[in-house]
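Peer 1: could you look at this predicted model? Sequence included:
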Amino acid sequence: MKITKICCIGAGYVGGPTMSVIASQCPEIQVTVVDLSKERIDLWNHSDLDKLPVYEPGLKELVEKTRGKNLFFSTEIDKAIDEAEMIFISVNTPTKTYGKGKGQAADLKNIELCARNIAKVAKTNKIVVEKSTLPVRTASAIKSILDNTGNGVDFEILSNPEFLAEGTAIDDLLNADRVLIGGAETEKGQTAKDALAGIYQHWLPKDRILQTNVWSSELSKLVANAFLAQRVSSINSISALCEKTDANVAEVSRAIGYDSRIGAKFLNSSVGFGGSCFQKDILNLVYIAQSYGLQEVADYWEQVIIMNDYQKRRFAENIVTTLYNTVSGKKIVFYGWAFKKDTNDTRESAAIYVADALLDEKAEIVIYDPKVPESQVYEDLDYLGTRSPEENRRLLKVVNDPLKASEEAHAIAILTEWDEFKNYDWKIIYDKMLKPAFVFDGRRLLEKDTMQEIGFEYYKIGQS
Ligand SMILES: NC(=O)C1=CN([C@@H]2O[C@H](COP(=O)(O)OP(=O)(O)OC[C@H]3O[C@@H](n4cnc5c(N)ncnc54)[C@H](O)[C@@H]3O)[C@@H](O)[C@H]2O)C=CC1
Ligand SMILES: O=C(O)[C@H]1O[C@H](OP(=O)(O)OP(=O)(O)OC[C@H]2O[C@@H](n3ccc(=O)[nH]c3=O)[C@H](O)[C@@H]2O)[C@H](O)[C@@H](O)[C@@H]1O
(Lines give C-alpha, C1' and ligand atoms only; values in the text may rest on other atoms or scores of the structure.)
(Ligands and ions follow the chains in the order given, each with its own letter.)
Protein backbone atom coordinates (compact mmCIF):
# COMPACT_ATOMS: atom_id res chain seq x y z
CA MET A 1 0.00 0.00 0.00
CA LYS A 2 1.51 3.33 -1.10
CA ILE A 3 0.66 6.44 0.87
CA THR A 4 0.30 9.67 -1.12
CA LYS A 5 -1.40 12.01 1.34
CA ILE A 6 -0.65 12.46 5.01
CA CYS A 7 -2.31 14.70 7.55
CA CYS A 8 -0.74 15.52 10.90
CA ILE A 9 -2.96 16.97 13.64
CA GLY A 10 -0.82 19.14 15.94
CA ALA A 11 1.77 21.59 14.63
CA GLY A 12 4.00 21.62 17.70
CA TYR A 13 7.55 20.58 18.60
CA VAL A 14 6.89 17.08 17.29
CA GLY A 15 4.40 17.60 14.44
CA GLY A 16 6.37 20.45 12.80
CA PRO A 17 9.86 18.90 12.68
CA THR A 18 8.64 15.33 12.03
CA MET A 19 6.48 16.30 9.10
CA SER A 20 9.18 18.60 7.68
CA VAL A 21 11.53 15.63 7.60
CA ILE A 22 8.94 13.30 6.03
CA ALA A 23 8.11 15.94 3.39
CA SER A 24 11.77 16.49 2.55
CA GLN A 25 12.55 12.77 2.34
CA CYS A 26 9.37 11.73 0.50
CA PRO A 27 8.76 14.28 -2.27
CA GLU A 28 5.92 12.19 -3.72
CA ILE A 29 3.91 12.41 -0.49
CA GLN A 30 1.78 15.48 0.21
CA VAL A 31 1.98 16.38 3.91
CA THR A 32 -0.52 18.74 5.56
CA VAL A 33 0.03 19.80 9.17
CA VAL A 34 -3.08 21.18 10.85
CA ASP A 35 -3.72 22.82 14.19
CA LEU A 36 -6.53 24.52 16.09
CA SER A 37 -4.22 27.44 16.83
CA LYS A 38 -4.39 29.94 13.97
CA GLU A 39 -1.55 31.89 15.57
CA ARG A 40 0.75 28.85 15.42
CA ILE A 41 -0.19 28.01 11.82
CA ASP A 42 0.38 31.63 10.77
CA LEU A 43 3.88 31.45 12.24
CA TRP A 44 4.59 28.19 10.39
CA ASN A 45 3.53 30.01 7.20
CA HIS A 46 5.46 33.21 8.01
CA SER A 47 7.63 34.54 5.21
CA ASP A 48 10.42 35.28 7.72
CA LEU A 49 11.67 31.79 8.62
CA ASP A 50 13.17 33.11 11.85
CA LYS A 51 9.58 33.51 13.06
CA LEU A 52 8.76 29.77 12.93
CA PRO A 53 7.13 28.82 16.26
CA VAL A 54 9.70 26.10 16.93
CA TYR A 55 13.42 26.78 17.01
CA GLU A 56 15.47 23.74 15.98
CA PRO A 57 18.82 23.75 14.22
CA GLY A 58 18.24 22.76 10.57
CA LEU A 59 14.46 23.15 10.70
CA LYS A 60 14.04 26.38 8.80
CA GLU A 61 16.13 25.07 5.91
CA LEU A 62 13.82 22.04 5.57
CA VAL A 63 10.70 24.20 5.76
CA GLU A 64 12.13 26.55 3.16
CA LYS A 65 12.78 23.61 0.85
CA THR A 66 9.38 21.92 1.14
CA ARG A 67 6.76 24.48 2.22
CA GLY A 68 4.21 25.15 -0.52
CA LYS A 69 5.56 22.19 -2.52
CA ASN A 70 4.58 19.07 -0.59
CA LEU A 71 4.43 20.52 2.94
CA PHE A 72 1.45 22.64 3.98
CA PHE A 73 0.38 24.21 7.27
CA SER A 74 -3.32 24.87 7.68
CA THR A 75 -6.22 25.33 10.09
CA GLU A 76 -8.57 23.45 7.75
CA ILE A 77 -8.53 20.32 9.85
CA ASP A 78 -11.58 18.58 8.38
CA LYS A 79 -10.39 19.00 4.81
CA ALA A 80 -6.95 17.59 5.60
CA ILE A 81 -8.47 14.60 7.43
CA ASP A 82 -10.85 13.93 4.57
CA GLU A 83 -8.10 13.92 1.95
CA ALA A 84 -5.47 11.88 3.84
CA GLU A 85 -4.93 8.13 3.77
CA MET A 86 -2.82 8.31 6.90
CA ILE A 87 -3.44 10.65 9.85
CA PHE A 88 -0.82 11.30 12.53
CA ILE A 89 -2.13 12.52 15.88
CA SER A 90 0.60 14.69 17.36
CA VAL A 91 -1.29 16.83 19.86
CA ASN A 92 -0.14 17.64 23.38
CA THR A 93 -0.96 15.22 26.20
CA PRO A 94 -0.06 17.14 29.36
CA THR A 95 -0.45 15.98 32.94
CA LYS A 96 -4.05 16.32 34.11
CA THR A 97 -4.71 19.39 36.25
CA TYR A 98 -8.19 18.37 37.38
CA GLY A 99 -10.35 15.42 38.38
CA LYS A 100 -9.31 11.78 38.67
CA GLY A 101 -5.57 11.33 38.25
CA LYS A 102 -4.92 15.08 38.75
CA GLY A 103 -1.17 15.77 38.86
CA GLN A 104 -0.25 12.35 37.45
CA ALA A 105 -2.37 10.92 34.63
CA ALA A 106 -2.03 12.13 31.05
CA ASP A 107 -4.86 14.41 29.94
CA LEU A 108 -6.27 12.71 26.85
CA LYS A 109 -8.96 15.23 26.00
CA ASN A 110 -7.08 16.49 22.91
CA ILE A 111 -6.64 12.91 21.72
CA GLU A 112 -10.32 12.16 22.14
CA LEU A 113 -11.25 15.36 20.28
CA CYS A 114 -9.02 14.29 17.39
CA ALA A 115 -10.55 10.80 17.32
CA ARG A 116 -14.08 12.21 17.30
CA ASN A 117 -13.15 14.66 14.57
CA ILE A 118 -11.64 11.91 12.41
CA ALA A 119 -14.72 9.72 12.98
CA LYS A 120 -17.00 12.58 11.96
CA VAL A 121 -15.13 13.56 8.81
CA ALA A 122 -13.72 10.31 7.37
CA LYS A 123 -15.52 8.90 4.35
CA THR A 124 -12.73 6.58 3.21
CA ASN A 125 -10.55 4.06 5.08
CA LYS A 126 -7.80 5.64 7.19
CA ILE A 127 -4.69 4.60 9.04
CA VAL A 128 -4.58 6.57 12.29
CA VAL A 129 -1.12 6.89 13.81
CA GLU A 130 -0.58 7.73 17.48
CA LYS A 131 2.49 9.97 17.39
CA SER A 132 1.74 11.65 20.73
CA THR A 133 3.02 9.88 23.85
CA LEU A 134 0.09 7.99 25.33
CA PRO A 135 -0.68 5.68 28.23
CA VAL A 136 -0.57 2.01 27.36
CA ARG A 137 -3.95 0.82 26.00
CA THR A 138 -5.02 4.22 24.60
CA ALA A 139 -5.30 2.68 21.12
CA SER A 140 -8.30 0.66 22.27
CA ALA A 141 -10.10 3.86 23.38
CA ILE A 142 -9.34 5.54 20.04
CA LYS A 143 -10.53 2.46 18.15
CA SER A 144 -13.75 2.36 20.15
CA ILE A 145 -14.53 6.04 19.40
CA LEU A 146 -13.71 5.62 15.71
CA ASP A 147 -15.70 2.42 15.28
CA ASN A 148 -18.73 3.56 17.26
CA THR A 149 -19.09 7.10 15.97
CA GLY A 150 -17.58 6.78 12.50
CA ASN A 151 -19.26 6.47 9.13
CA GLY A 152 -18.69 2.75 8.89
CA VAL A 153 -15.27 3.17 7.26
CA ASP A 154 -12.33 1.01 8.26
CA PHE A 155 -9.78 2.44 10.71
CA GLU A 156 -6.46 0.85 11.51
CA ILE A 157 -4.70 2.27 14.60
CA LEU A 158 -0.92 2.29 14.82
CA SER A 159 1.34 3.41 17.65
CA ASN A 160 4.43 5.20 16.36
CA PRO A 161 5.93 7.08 19.32
CA GLU A 162 8.47 9.78 18.65
CA PHE A 163 11.94 9.62 20.23
CA LEU A 164 13.42 12.91 19.03
CA ALA A 165 14.97 15.22 21.60
CA GLU A 166 14.50 18.95 21.24
CA GLY A 167 17.56 20.87 20.12
CA THR A 168 18.66 17.91 17.99
CA ALA A 169 15.26 17.03 16.49
CA ILE A 170 16.23 17.10 12.81
CA ASP A 171 19.35 15.03 13.29
CA ASP A 172 17.49 12.61 15.57
CA LEU A 173 14.79 12.16 12.93
CA LEU A 174 17.20 11.73 10.04
CA ASN A 175 19.47 9.34 11.94
CA ALA A 176 17.01 7.69 14.32
CA ASP A 177 18.44 4.84 16.41
CA ARG A 178 15.14 3.14 15.76
CA VAL A 179 11.59 3.77 14.68
CA LEU A 180 8.93 1.89 16.58
CA ILE A 181 5.68 0.82 14.95
CA GLY A 182 3.03 -1.01 16.93
CA GLY A 183 -0.13 -2.35 15.39
CA ALA A 184 -2.73 -5.06 15.44
CA GLU A 185 -1.48 -8.57 14.80
CA THR A 186 -3.90 -9.09 11.92
CA GLU A 187 -3.53 -9.00 8.16
CA LYS A 188 -4.91 -5.46 7.97
CA GLY A 189 -2.73 -4.44 10.91
CA GLN A 190 0.34 -5.78 9.11
CA THR A 191 -0.55 -3.92 5.89
CA ALA A 192 -0.86 -0.68 7.88
CA LYS A 193 2.44 -1.25 9.71
CA ASP A 194 4.20 -1.93 6.42
CA ALA A 195 2.71 1.20 4.85
CA LEU A 196 4.11 3.34 7.66
CA ALA A 197 7.43 1.47 7.60
CA GLY A 198 7.56 2.24 3.86
CA ILE A 199 7.63 5.96 4.64
CA TYR A 200 10.55 5.67 7.06
CA GLN A 201 12.40 3.37 4.66
CA HIS A 202 12.87 6.36 2.37
CA TRP A 203 15.82 7.30 4.59
CA LEU A 204 16.33 4.69 7.30
CA PRO A 205 17.64 1.12 6.93
CA LYS A 206 14.97 -1.55 7.37
CA ASP A 207 16.64 -3.07 10.42
CA ARG A 208 16.11 0.12 12.42
CA ILE A 209 12.36 -0.07 11.98
CA LEU A 210 10.94 -2.22 14.75
CA GLN A 211 7.45 -3.67 14.63
CA THR A 212 5.63 -4.76 17.79
CA ASN A 213 2.12 -5.16 19.05
CA VAL A 214 0.41 -1.88 19.82
CA TRP A 215 0.65 -2.15 23.62
CA SER A 216 4.39 -2.83 23.66
CA SER A 217 4.89 0.20 21.46
CA GLU A 218 2.80 2.52 23.66
CA LEU A 219 4.48 1.28 26.82
CA SER A 220 8.01 1.38 25.37
CA LYS A 221 7.77 5.13 24.85
CA LEU A 222 7.00 5.79 28.52
CA VAL A 223 9.70 3.32 29.58
CA ALA A 224 12.34 4.89 27.31
CA ASN A 225 11.74 8.31 28.85
CA ALA A 226 11.67 6.86 32.37
CA PHE A 227 15.03 5.12 31.83
CA LEU A 228 16.62 8.25 30.36
CA ALA A 229 15.37 10.47 33.17
CA GLN A 230 16.45 7.87 35.70
CA ARG A 231 20.03 8.18 34.46
CA VAL A 232 19.97 11.95 34.97
CA SER A 233 18.47 11.60 38.45
CA SER A 234 20.99 8.88 39.29
CA ILE A 235 23.98 11.01 38.38
CA ASN A 236 22.43 14.08 40.03
CA SER A 237 22.07 12.15 43.28
CA ILE A 238 25.79 11.40 43.05
CA SER A 239 26.57 15.07 42.33
CA ALA A 240 25.35 15.94 45.84
CA LEU A 241 27.65 13.30 47.29
CA CYS A 242 30.58 14.55 45.20
CA GLU A 243 30.19 18.05 46.61
CA LYS A 244 30.59 16.63 50.13
CA THR A 245 33.52 14.32 49.41
CA ASP A 246 35.87 16.15 47.00
CA ALA A 247 35.00 13.65 44.29
CA ASN A 248 34.26 15.23 40.91
CA VAL A 249 31.02 14.15 39.26
CA ALA A 250 32.48 14.51 35.74
CA GLU A 251 35.24 12.09 36.65
CA VAL A 252 32.75 9.68 38.18
CA SER A 253 30.54 9.90 35.03
CA ARG A 254 33.52 9.22 32.84
CA ALA A 255 34.74 6.35 34.96
CA ILE A 256 31.40 4.56 35.03
CA GLY A 257 30.42 5.48 31.46
CA TYR A 258 33.49 3.68 30.10
CA ASP A 259 31.85 0.45 31.18
CA SER A 260 30.11 -0.55 27.96
CA ARG A 261 27.29 -2.08 30.01
CA ILE A 262 26.56 1.35 31.50
CA GLY A 263 27.44 3.55 28.50
CA ALA A 264 28.61 7.14 28.41
CA LYS A 265 25.49 9.04 27.34
CA PHE A 266 23.02 10.88 29.56
CA LEU A 267 25.34 11.07 32.52
CA ASN A 268 25.76 14.85 32.62
CA SER A 269 24.94 16.17 36.03
CA SER A 270 22.83 19.33 35.91
CA VAL A 271 20.50 21.58 37.85
CA GLY A 272 17.80 19.02 37.05
CA PHE A 273 16.06 17.74 33.97
CA GLY A 274 13.28 19.79 32.43
CA GLY A 275 11.24 19.63 29.26
CA SER A 276 7.66 18.79 28.54
CA CYS A 277 8.01 15.03 28.66
CA PHE A 278 10.25 13.38 31.26
CA GLN A 279 8.24 14.45 34.30
CA LYS A 280 4.87 14.06 32.58
CA ASP A 281 5.66 10.61 31.25
CA ILE A 282 7.09 9.29 34.52
CA LEU A 283 4.09 10.62 36.45
CA ASN A 284 1.91 8.86 33.92
CA LEU A 285 3.86 5.63 34.39
CA VAL A 286 3.45 5.99 38.16
CA TYR A 287 -0.28 6.49 37.73
CA ILE A 288 -0.65 3.50 35.44
CA ALA A 289 1.30 1.26 37.85
CA GLN A 290 -0.88 2.45 40.73
CA SER A 291 -4.06 1.86 38.82
CA TYR A 292 -3.00 -1.76 38.29
CA GLY A 293 -2.31 -2.05 42.05
CA LEU A 294 1.48 -2.08 41.59
CA GLN A 295 2.39 0.36 44.38
CA GLU A 296 6.07 -0.67 44.66
CA VAL A 297 6.51 -0.16 40.92
CA ALA A 298 4.92 3.28 41.24
CA ASP A 299 7.12 4.23 44.21
CA TYR A 300 10.24 3.08 42.38
CA TRP A 301 9.69 5.41 39.42
CA GLU A 302 8.37 8.30 41.49
CA GLN A 303 11.76 8.51 43.14
CA VAL A 304 13.22 9.77 39.83
CA ILE A 305 10.98 12.85 40.11
CA ILE A 306 11.65 13.31 43.82
CA MET A 307 15.40 13.37 43.13
CA ASN A 308 14.90 15.88 40.31
CA ASP A 309 12.91 18.22 42.55
CA TYR A 310 15.62 17.89 45.19
CA GLN A 311 18.31 18.86 42.69
CA LYS A 312 16.53 22.08 41.65
CA ARG A 313 15.81 22.98 45.28
CA ARG A 314 19.38 22.20 46.32
CA PHE A 315 20.75 24.53 43.63
CA ALA A 316 18.52 27.42 44.76
CA GLU A 317 19.25 26.82 48.44
CA ASN A 318 22.99 26.78 47.79
CA ILE A 319 22.75 30.22 46.18
CA VAL A 320 20.98 31.60 49.25
CA THR A 321 23.37 29.96 51.73
CA THR A 322 26.48 31.03 49.83
CA LEU A 323 25.29 34.63 49.51
CA TYR A 324 25.49 34.90 53.31
CA ASN A 325 22.04 33.43 53.91
CA THR A 326 20.11 36.23 52.27
CA VAL A 327 19.40 37.20 48.71
CA SER A 328 16.79 39.81 49.58
CA GLY A 329 17.29 42.79 47.26
CA LYS A 330 20.34 41.16 45.65
CA LYS A 331 20.68 41.12 41.89
CA ILE A 332 21.02 37.59 40.54
CA VAL A 333 21.45 37.15 36.80
CA PHE A 334 20.29 33.95 35.09
CA TYR A 335 22.07 32.94 31.92
CA GLY A 336 19.52 30.68 30.24
CA TRP A 337 15.83 30.01 30.72
CA ALA A 338 15.17 27.22 28.14
CA PHE A 339 15.17 23.65 29.50
CA LYS A 340 18.24 22.81 27.40
CA LYS A 341 20.33 24.48 24.72
CA ASP A 342 19.30 24.93 21.08
CA THR A 343 15.58 25.14 21.79
CA ASN A 344 13.15 27.96 22.57
CA ASP A 345 11.06 25.54 24.66
CA THR A 346 10.83 26.37 28.36
CA ARG A 347 8.29 23.81 29.54
CA GLU A 348 9.25 22.47 32.99
CA SER A 349 12.64 24.18 32.73
CA ALA A 350 14.65 23.99 35.96
CA ALA A 351 15.17 27.76 35.65
CA ILE A 352 11.49 28.40 36.41
CA TYR A 353 11.66 26.59 39.73
CA VAL A 354 15.02 28.04 40.75
CA ALA A 355 13.69 31.54 39.99
CA ASP A 356 10.52 30.86 41.95
CA ALA A 357 12.50 29.75 45.00
CA LEU A 358 14.77 32.82 44.84
CA LEU A 359 11.84 35.18 44.33
CA ASP A 360 10.35 33.75 47.53
CA GLU A 361 13.55 34.99 49.18
CA LYS A 362 12.96 38.44 47.60
CA ALA A 363 15.90 38.27 45.19
CA GLU A 364 15.91 40.62 42.19
CA ILE A 365 16.38 38.41 39.16
CA VAL A 366 17.49 39.37 35.67
CA ILE A 367 17.09 36.80 32.88
CA TYR A 368 19.00 36.51 29.64
CA ASP A 369 18.29 33.70 27.15
CA PRO A 370 19.24 33.88 23.47
CA LYS A 371 15.96 32.34 22.21
CA VAL A 372 13.29 32.84 24.85
CA PRO A 373 11.18 36.03 24.68
CA GLU A 374 10.21 38.07 27.74
CA SER A 375 6.53 37.17 27.39
CA GLN A 376 7.34 33.45 27.73
CA VAL A 377 9.38 33.95 30.91
CA TYR A 378 6.51 35.79 32.60
CA GLU A 379 3.99 33.25 31.34
CA ASP A 380 6.03 30.43 32.90
CA LEU A 381 6.28 32.20 36.25
CA ASP A 382 2.68 33.38 36.34
CA TYR A 383 1.55 29.82 35.58
CA LEU A 384 2.99 28.67 38.93
CA GLY A 385 0.64 31.09 40.69
CA THR A 386 3.10 31.63 43.55
CA ARG A 387 2.72 35.42 43.49
CA SER A 388 0.82 38.04 41.52
CA PRO A 389 1.84 38.80 37.92
CA GLU A 390 2.62 42.37 39.05
CA GLU A 391 4.99 41.08 41.75
CA ASN A 392 6.72 38.77 39.23
CA ARG A 393 7.25 41.74 36.89
CA ARG A 394 8.51 43.93 39.72
CA LEU A 395 11.08 41.45 41.00
CA LEU A 396 12.17 39.83 37.73
CA LYS A 397 13.34 41.49 34.52
CA VAL A 398 14.21 40.00 31.15
CA VAL A 399 17.00 41.55 29.07
CA ASN A 400 18.63 40.92 25.71
CA ASP A 401 22.16 41.99 26.55
CA PRO A 402 24.06 39.48 28.70
CA LEU A 403 26.94 41.82 29.46
CA LYS A 404 24.76 44.71 30.53
CA ALA A 405 22.81 42.28 32.70
CA SER A 406 25.91 41.57 34.76
CA GLU A 407 26.34 45.20 35.87
CA GLU A 408 26.31 45.44 39.68
CA ALA A 409 25.14 41.84 39.95
CA HIS A 410 25.86 39.88 43.11
CA ALA A 411 25.77 36.55 41.31
CA ILE A 412 25.30 34.84 37.97
CA ALA A 413 23.57 31.48 37.74
CA ILE A 414 23.94 29.37 34.60
CA LEU A 415 20.70 27.49 34.01
CA THR A 416 21.00 26.44 30.34
CA GLU A 417 24.11 25.17 28.57
CA TRP A 418 23.99 27.55 25.56
CA ASP A 419 27.35 27.42 23.75
CA GLU A 420 27.60 31.21 23.64
CA PHE A 421 28.01 31.36 27.45
CA LYS A 422 31.33 29.51 27.10
CA ASN A 423 32.62 32.14 24.68
CA TYR A 424 31.90 35.22 26.78
CA ASP A 425 34.79 37.30 28.03
CA TRP A 426 34.24 36.43 31.68
CA LYS A 427 36.90 38.95 32.78
CA ILE A 428 34.71 41.78 31.48
CA ILE A 429 31.72 40.28 33.26
CA TYR A 430 33.74 40.00 36.47
CA ASP A 431 34.73 43.67 36.29
CA LYS A 432 31.09 44.73 35.99
CA MET A 433 29.87 42.72 38.98
CA LEU A 434 29.84 43.54 42.68
CA LYS A 435 32.56 41.81 44.69
CA PRO A 436 32.82 39.09 45.77
CA ALA A 437 31.44 38.02 42.40
CA PHE A 438 29.68 34.65 42.50
CA VAL A 439 28.97 32.26 39.64
CA PHE A 440 26.73 29.22 40.19
CA ASP A 441 27.20 26.87 37.28
CA GLY A 442 24.19 24.56 37.07
CA ARG A 443 25.40 23.10 33.79
CA ARG A 444 29.09 22.49 34.49
CA LEU A 445 29.82 24.70 31.50
CA LEU A 446 32.92 26.61 32.58
CA GLU A 447 36.41 25.76 33.81
CA LYS A 448 36.81 26.10 37.55
CA ASP A 449 40.51 27.08 37.45
CA THR A 450 39.97 29.79 34.83
CA MET A 451 37.02 31.25 36.69
CA GLN A 452 38.90 31.28 39.98
CA GLU A 453 41.94 32.88 38.35
CA ILE A 454 39.71 35.72 37.12
CA GLY A 455 38.60 36.18 40.73
CA PHE A 456 35.15 34.60 40.80
CA GLU A 457 33.73 32.66 43.72
CA TYR A 458 32.79 29.79 41.46
CA TYR A 459 30.41 26.94 42.35
CA LYS A 460 30.00 24.06 39.92
CA ILE A 461 27.35 21.43 40.46
CA GLY A 462 28.88 18.09 41.48
CA GLN A 463 32.27 19.48 42.48
CA SER A 464 33.43 20.92 45.81
N1 LIG B 1 8.39 17.82 22.60
C2 LIG B 1 9.09 16.73 22.42
O3 LIG B 1 10.30 16.74 22.40
C4 LIG B 1 8.41 15.41 22.26
C5 LIG B 1 7.04 15.26 22.49
N6 LIG B 1 6.46 14.03 22.35
C7 LIG B 1 5.01 13.88 22.52
O8 LIG B 1 4.36 14.41 21.37
C9 LIG B 1 3.12 15.02 21.71
C10 LIG B 1 3.12 16.46 21.22
O11 LIG B 1 4.12 17.18 21.90
P12 LIG B 1 4.58 18.63 21.42
O13 LIG B 1 4.70 18.65 19.94
O14 LIG B 1 5.75 18.97 22.25
O15 LIG B 1 3.31 19.49 21.85
P16 LIG B 1 2.99 21.02 21.45
O17 LIG B 1 2.21 21.57 22.56
O18 LIG B 1 4.23 21.70 21.00
O19 LIG B 1 2.06 20.86 20.16
C20 LIG B 1 0.79 20.29 20.18
C21 LIG B 1 -0.13 21.05 19.22
O22 LIG B 1 -1.36 20.34 19.12
C23 LIG B 1 -2.41 21.31 18.95
N24 LIG B 1 -3.70 20.69 19.28
C25 LIG B 1 -4.13 20.27 20.49
N26 LIG B 1 -5.35 19.71 20.37
C27 LIG B 1 -5.70 19.78 19.07
C28 LIG B 1 -6.83 19.36 18.33
N29 LIG B 1 -7.85 18.72 18.91
N30 LIG B 1 -6.86 19.60 16.99
C31 LIG B 1 -5.83 20.23 16.38
N32 LIG B 1 -4.71 20.63 17.04
C33 LIG B 1 -4.65 20.42 18.36
C34 LIG B 1 -2.00 22.44 19.86
O35 LIG B 1 -2.62 23.65 19.47
C36 LIG B 1 -0.47 22.47 19.67
O37 LIG B 1 -0.07 23.38 18.68
C38 LIG B 1 2.99 14.86 23.22
O39 LIG B 1 2.22 13.71 23.48
C40 LIG B 1 4.41 14.65 23.68
O41 LIG B 1 4.48 13.87 24.86
C42 LIG B 1 7.17 12.95 21.96
C43 LIG B 1 8.50 13.04 21.70
C44 LIG B 1 9.23 14.28 21.81
O1 LIG C 1 9.44 12.29 24.77
C2 LIG C 1 10.09 13.31 24.66
O3 LIG C 1 9.63 14.44 24.72
C4 LIG C 1 11.56 13.27 24.48
O5 LIG C 1 12.13 13.47 25.80
C6 LIG C 1 13.55 13.57 25.80
O7 LIG C 1 13.96 14.65 24.97
P8 LIG C 1 13.96 16.18 25.46
O9 LIG C 1 13.16 16.31 26.72
O10 LIG C 1 13.56 17.00 24.29
O11 LIG C 1 15.49 16.51 25.77
P12 LIG C 1 16.66 15.68 26.50
O13 LIG C 1 17.88 15.84 25.71
O14 LIG C 1 16.27 14.29 26.84
O15 LIG C 1 16.83 16.50 27.85
C16 LIG C 1 15.86 16.47 28.88
C17 LIG C 1 16.40 17.18 30.10
O18 LIG C 1 17.41 16.40 30.73
C19 LIG C 1 18.57 17.17 30.91
N20 LIG C 1 19.75 16.29 30.82
C21 LIG C 1 19.90 15.46 29.77
C22 LIG C 1 20.99 14.64 29.69
C23 LIG C 1 21.96 14.64 30.70
O24 LIG C 1 22.98 13.92 30.70
N25 LIG C 1 21.77 15.49 31.73
C26 LIG C 1 20.68 16.31 31.82
O27 LIG C 1 20.55 17.07 32.80
C28 LIG C 1 18.52 18.23 29.82
O29 LIG C 1 19.29 19.34 30.12
C30 LIG C 1 17.03 18.54 29.79
O31 LIG C 1 16.69 19.47 30.78
C32 LIG C 1 14.15 12.29 25.23
O33 LIG C 1 15.56 12.41 25.17
C34 LIG C 1 13.60 12.01 23.84
O35 LIG C 1 14.09 10.75 23.36
C36 LIG C 1 12.08 11.97 23.90
O37 LIG C 1 11.54 11.78 22.61
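Peer 2: That came through fine. Numbers count the residues shown, from 1 in each chain. Ligands and ions are numbered 1, 2, ... in the order given.
Peer 1: going forward, measure contacts between C-alpha atoms and count neighbours the same way
Peer 2: OK.
Peer 1: so what's the residue nearest to G182 when sequence neighbours are not counted up against?
Peer 2: With CA to CA, 6 or more residues apart in numbering as the criterion, G182 has its nearest non-adjacent residue at 4.0 Å, and that residue is V214. Counting by CA atoms under 8 Å, 6 or more residues apart in numbering, V214 touches A139, L158, S159, I181, G182, G183, A184.
Peer 1: surely the fifth one and K221 touch.
Peer 2: No. Taking CA atoms under 8 Å as the definition, G182 is not a contact partner of K221, at 11.1 Å.
Peer 1: more crowded one of the two?
Peer 2: Higher neighbour count among G182 and K221: G182, with 25 against 22, using other CA atoms under 10 Å.
Peer 1: got a list of contacts for stretch 202-212?
Peer 2: With CA under 8 Å, 6+ apart as the criterion, stretch 202-212 contacts 25-26, 174-183, 193, 197, 200.
Peer 1: return the subset of these lying in helices.
Peer 2: Among those, DSSP state H puts Q25, L174, K193, A197, Y200 in helices.
Peer 1: in contact with the fourth one, which residues?
Peer 2: In this case it means A197. I181, I209 are the contacts of A197 under CA under 8 Å, 6+ apart.
Peer 1: distance of it from I9?
Peer 2: 20 Å (CA to CA, to the nearest Å).
Peer 1: try the second one
Peer 2: Remark: distance between L174 and I9 (CA to CA) = 21 Å.
Peer 1: those two: who's more crowded?
Peer 2: Under the criterion of other CA under 10 Å, the comparison of L174 against I9 puts I9 first, with 25 against 16.
Peer 1: get me the contact residues on this structure for ligand 2.
Peer 2: 162-166, 225, 232, 266-270, 272-275, 277-278, 339-340 (CA under 6 Å from any ligand atom).
Peer 1: just the buried residues of the residues you listed.
Peer 2: 162-166, 225, 232, 267-270, 272-275, 277-278, 339-340 (16 or more other CA atoms under 10 Å).
Peer 1: G58 contacts L173, correct?
Peer 2: No. Counting by CA under 8 Å, G58 stays clear of L173, with 11.4 Å between them.
Peer 1: neighbour-wise, which of these two wins?
Peer 2: Neighbour tally, G58 and L173, criterion other CA under 10 Å: the higher count belongs to L173, 22 against 14.
Peer 1: for the residue lying closest to that one once chain neighbours are set aside, give me its contacts.
Peer 2: Among residues not flanking L173 along the chain, L164 sits closest, at 6.3 Å (CA to CA, 6+ apart). Neighbouring residues of L164 by CA under 8 Å, 6+ apart: V14, D172, L173, A176.
Peer 1: so which of these are also by ligand 1?
Peer 2: With CA under 6 Å from any ligand atom as the criterion, those include V14 near ligand 1.
Peer 1: just to revisit the earlier point, and the residues of the chain next to ligand 2 near ligand 1, which?
Peer 2: E162, F163, L164, A165, E166, C277.
Peer 1: distance of the last one from A226?
Peer 2: Taking CA to CA as the measure, C277 and A226 are separated by 10 Å.
Peer 1: next: the fifth one.
Peer 2: Note on E166: its distance to A226, by CA to CA, is 17 Å.
Peer 1: and what of R313?
Peer 2: Distance from R313 to A226, counting by CA to CA: 21 Å.
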